[in-house]
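1. Can you look at this prediction? I've put the sequence above it.
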Amino acid sequence: MTGIKILDLCSMMSGPWATDILGDQGADVIKIEVPGKGDHVRSLPNRSGDMSAMFVNVNRSKRSLTLDLKKPEGVQVFKQLAASADVIVQNFRPGVVERLGISYDDIAPLNDKLIYLSLSGFGENGPLSGQRVYDSLIQGLTGLTTVQAGSDNERPRLIRTILPDKLTAVVAAQALSAALFARERSGAGGQHIRLSMLEAVLSFLWASDMGAYTFADKPVPIEKGGSFIDLIYQTSDGFITIATNSNVEWQNMCRALGHPEWIDDERFTTPTGRLENINERLALIQSVLPEKSSQEWLAVLDQNDVPAAPILKRSEVIEHPQVLSTGIVVESEHPVAGRLRQARVAARFLGTVPEPPRGAPKLGEHNQEVLSDFGFDATEIAGLIDSGVVGSEHVAATAQA
């Protein structure tokens, strides 16, 4: 992504992480924030050097410019930046960019190669389009909470991570990459991409969790395919997970657990039978596992070619030999937050290896640098700062230093 200029108008998680992914792959991402305030994520807990962990994790490899878009002069500055940018990403509530005068229709005439991505929660149309959106609302509306419960008859359950936000970020990064590729390949120019968290999650669920609704002319039963029991089993000293999808894996597990008679149990001889009798099957497995430790069972299961893994605490994940072997967790030094431990770019490129991610920016750290890069001279920059159109954070910090 080297050479790609991205103007990031986003806050919170979905938009910032989408641009972070591209920034880690070489794009020049300019995070545009409210002067004196910045992204709300900057103020979250779990802090070091007055920077929050979430901010440094989803806003690295960016430059920060504080710009007041409620002032006409701020809009004019933004338009000058947009005229030579490749990408704009915004996740304001529907209607906000139109009121500010920085919508796709406002900006596209200035740059016919611009890719403009609008992110939203529920989409720009429909009865919920104007509502504030958080992760739990999307989990509820998409049925993800029912999938997590295991059955339509069980109490819905949230996934205890902000999956809709994160998934939308990944989909957004892929969509931007596709649009940029199309622009370069076909020369068709820029375009407006719209993506909502609702659409991203529904697309995600349809791959495996909406099977009963796939065949439009078939009756839809109450979903009973899941279980109120997770595939997490307690051993004598901890927890493990075991997955047996094929007949061979099921049979191998029966032998590994010392109960080959389960193989001939009519309830479990077919995948359909094992699904219909899932609670009875999982209860049988759980009844055996407390007899040995996690490591003992994992060794036996591995010897019998049964997929299994330990259930690790977060503190244990970063020390596990398999995780260490991937090199996914790396350490770096941040000038404000200190020593950081983060995940590197997940994909391993052998031909175009990305540079190590740059640390997340201080608020307004690159005001003068960015404006200078986009053609503003020193006098213009000073005037913008004096008038409050551009934040004075970096100037104040320099003066104090």
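-> On my side now, so go ahead. Just so we're clear, the structure is a prediction, and the values are computed from it rather than from any experiment.
2. For the stretch 151-300 of the chain, which segments count as strands?
-> According to DSSP state E, counting those that start in this stretch, the stretch 151-300 of the chain carries its strands in the segments 191-196, 233-234, 239-242.
3. Could you spell out the sheet neighbours of the first one, each with its direction?
-> When pairs are called by DSSP bridges, strand 191-196 turns out to pair with strand 115-120 (parallel).
4. and after the partner strand, which helix or strand comes next?
-> As assigned by DSSP states H and E, the chain's next helix or strand after strand 115-120 is helix 135-141.
5. which other helices and strands contact that next one?
-> If contacts are counted by 3 or more C-beta pairs under 8 Å, 6 or more residues apart in numbering; DSSP states H and E, helix 135-141 sits against helix 144-149, helix 163-186, helix 197-206. Using the backbone N, CA and C atoms, a C-beta is placed for each residue, glycine as well.
6. could you redo the last one with a cut-off of 7 Å?
-> Helix 135-141 makes packing contacts with helix 163-186, helix 197-206 when contacts are defined by 3 or more C-beta pairs under 7 Å, 6 or more residues apart in numbering; DSSP states H and E.
7. Low-confidence ranges, the protein, go.
-> Applying pLDDT under 70 to the chain flags residues 221-229, 396-401.
8. switch the cut-off to 80
-> Where the chain drops to pLDDT under 80, the residues are 151, 220-230, 394-401.
9. Residue nearest the middle of it, spatially speaking?
-> Lys166 (2.1 Å; C-alpha atoms, centre = their mean).
10. Could you work out which of the strands of the stretch 151-300 of the chain reaches nearest to Val147?
-> If you check each of the strands of the stretch 151-300 of the chain against Val147 by C-beta to C-beta, strand 239-242 wins as the nearest, at 17.7 Å.
11. Please compute how far the closest one lies from its chain's middle.
-> 26 Å (C-alpha atoms, centre = their mean, to the nearest Å).
12. Also stretch 23-30?
-> The answer for stretch 23-30 is 16 Å, by C-alpha atoms, centre = their mean.
13. what do you get for stretch 115-130?
-> Relative to its chain's centre, stretch 115-130 lies at 18 Å (C-alpha atoms, centre = their mean).
14. about what we covered before: got CSV for the strands of the stretch 151-300 of the chain, with mean neighbour count and distance to Thr145 too?
-> Below are these laid out as CSV (neighbours: other C-beta atoms under 10 Å; distance: least, C-beta to C-beta, whole Å):
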stretch, mean neighbour count, distance to Thr145
strand 191-196, 19, 18
strand 233-234, 18, 24
strand 239-242, 17, 21
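15. Mind putting those strands into a markdown table with distance to Arg155?
-> Formatted as a markdown table, the strands of the stretch 151-300 of the chain follow (distance: least, C-beta to C-beta, whole Å):
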| stretch | distance to Arg155 |
| --- | --- |
| strand 191-196 | 27 |
| strand 233-234 | 22 |
| strand 239-242 | 22 |
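16. which SS state does the closest residue to Asp50 other than its chain neighbours fall under?
-> The shortest distance from Asp50 to any non-neighbouring residue, by C-beta to C-beta, 6 or more residues apart in numbering, is to Val336 (6.9 Å). Using DSSP: H, G, I helix; E, B strand; the rest coil, the structure places Val336 in coil.
17. Can you tell me how far Val336 is from Val395?
-> Remark: distance between Val336 and Val395 (C-beta to C-beta, to the nearest Å) = 17 Å.
18. quick one: contacts for Pro310?
-> 240, 294, 298 (C-beta atoms under 7 Å, 6 or more residues apart in numbering).
19. Report the contact partners of the closest residue to Leu44 other than its chain neighbours.
-> Closest residue to Leu44 apart from its sequence neighbours, by C-beta to C-beta, 6+ apart: Ser52 at 4.2 Å. By C-beta under 7 Å, 6+ apart, the contact set of Ser52 is 41-46.
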